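> Sequence first, then the predicted structure, then my questions.
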Amino acid sequence: MNKTFRTWLYDLGNCLYPKICPVCKTPIRTWNRFLCYPCHEKLAYTHSWKMNQHPMHALFWGRIPIERIDSLFHYRKNSPIQTVLHRIKYHHYPELAEELGRYYGKYLAKSGKYQRIDWLVPIPMHPKKELERGYNQAHCFAKGLSETMNIPVHQKILQKTTYTSTQTKKNRSERNRELAQSFSINPHFRRSNQHFVLIDDVLTTGATLDAAASQLLKIKGAKVSIVTLAVVI
């Protein structure tokens, strides 16, 4: 389907069912955007996938060996990405997480840095919390990434074994203490020498990803990389 015809279809569909920007609630008039143009222009891309190593990698130095870390956006308070993450997490926008995954996956696939990956592994939620929310936003993001990166998602390798409260208002030591024993490996997963990419919505202190990666690295010959939608740095 060529671009002209695809744009025409979008315009027709937009007349019948207008796509609304999740940030400012105005119509989105460009077929390939997930935000309206003014909101999109306020986003701060990291461009980490163009680099051999982004400064965010330093968050894990001396903690666990991470092959690669990439995030699409820099997180800023009172910015469109803060609203996007809030909509995805608390206002039932799972389709937006998938759309962003497909969008980001194109950049990562073209970068050539994710050619030998075995699995995309979304950070799991405790079953009780996932039931309360109705979906796992990291899994939705991973599904979108999978479509354009052509890498399978495995959401049952990692299991969340304890119900933890929100991590956003805790310092690093509090997060580490609570999260240290909160993940486990599915005993039915028997493969070795696998390269996993952990998927989450936002990288803050790295405590959640640290705890999850530590479990994956117990698998013989395992390697771990990390992809998130945004990074607080």
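Looks like it arrived, so ask away. Numbers count the residues shown, from 1 in each chain.

> residue boundaries of the helices in the chain?
In the chain, the segments counted as helices under DSSP state H are 3-16, 37-40, 80-90, 94-111, 127-133, 137-149, 172-179, 207-216.

> ok, and what's touching the shortest one?
To tie it back to what came earlier, the one meant is helix 37-40. Residues outside helix 37-40 that contact it (C-beta atoms under 8 Å, 6 or more residues apart in numbering) are 21, 23-24, 29-30, 33-34, 80. All C-beta spots, glycine's among them, are computed from the backbone N, C-alpha and C.

> Roughly how far does the nearest residue to residue 46 once chain neighbours are set aside sit from residue 208?
The shortest distance from residue 46 to any non-neighbouring residue, by C-beta to C-beta, 6 or more residues apart in numbering, is to residue 71 (5.2 Å). Remark: distance between residue 71 and residue 208 (C-beta to C-beta, to the nearest Å) = 14 Å.

> cool, residue 136 as well?
According to C-beta to C-beta, residue 136 stands 13 Å off from residue 208.

> cool, and residue 195?
Applying C-beta to C-beta, the value for residue 195 to residue 208 is 20 Å.

> Compare residue 136 and residue 208 and say which one has the larger neighbour count.
More crowded of residue 136 and residue 208, by other C-beta atoms under 10 Å: residue 208, with 23 against 20.

> thought the more buried one was touching residue 179?
Yes. In this structure residue 208 lies within contact range of residue 179 using C-beta atoms under 8 Å: 5.8 Å.

> picking that back up, what about the residue nearest to residue 46, distance to residue 99?
Distance from residue 71 to residue 99, by C-beta to C-beta: 17 Å.

> what's around residue 230, how many residues?
Using other C-beta under 10 Å, residue 230 has 25 other residues around it.

> For beta bridges, what are the partners of it?
Bridge pairing for residue 230 (DSSP bridges) gives the partners residue 73, residue 202.

> Does it touch residue 76 like I think?
No. Under the criterion of C-beta under 8 Å, residue 230 is not in contact with residue 76, lying 9.0 Å apart.

> about what we covered before: how about the helices of the chain, which one is nearest residue 162?
For residue 162, the closest of the helices of the chain is helix 172-179, at 8.1 Å, according to C-beta to C-beta.

> and the closest residue to residue 105 other than its chain neighbours, what does it touch?
Once flanking residues are discounted, residue 105 sits nearest to residue 148: 3.3 Å by C-beta to C-beta, 6+ apart. Residue 148 is in contact with 101-103, 105-106, 109, counting by C-beta under 8 Å, 6+ apart.

> Generate TSV for those, with neighbour count as supplementary columns.
As requested, these are exported to TSV (neighbours: other C-beta atoms under 10 Å):
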residue	neighbour count
101	28
102	17
103	16
105	23
106	13
109	17
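
> what stretches of the protein score poorly on pLDDT?
Filtered on pLDDT under 70, the chain yields the residue ranges 1-17, 31-32, 164-176.

> quick one: residue 63 from residue 94, how far?
As judged by C-beta to C-beta, residue 63 and residue 94 stand 31 Å apart.
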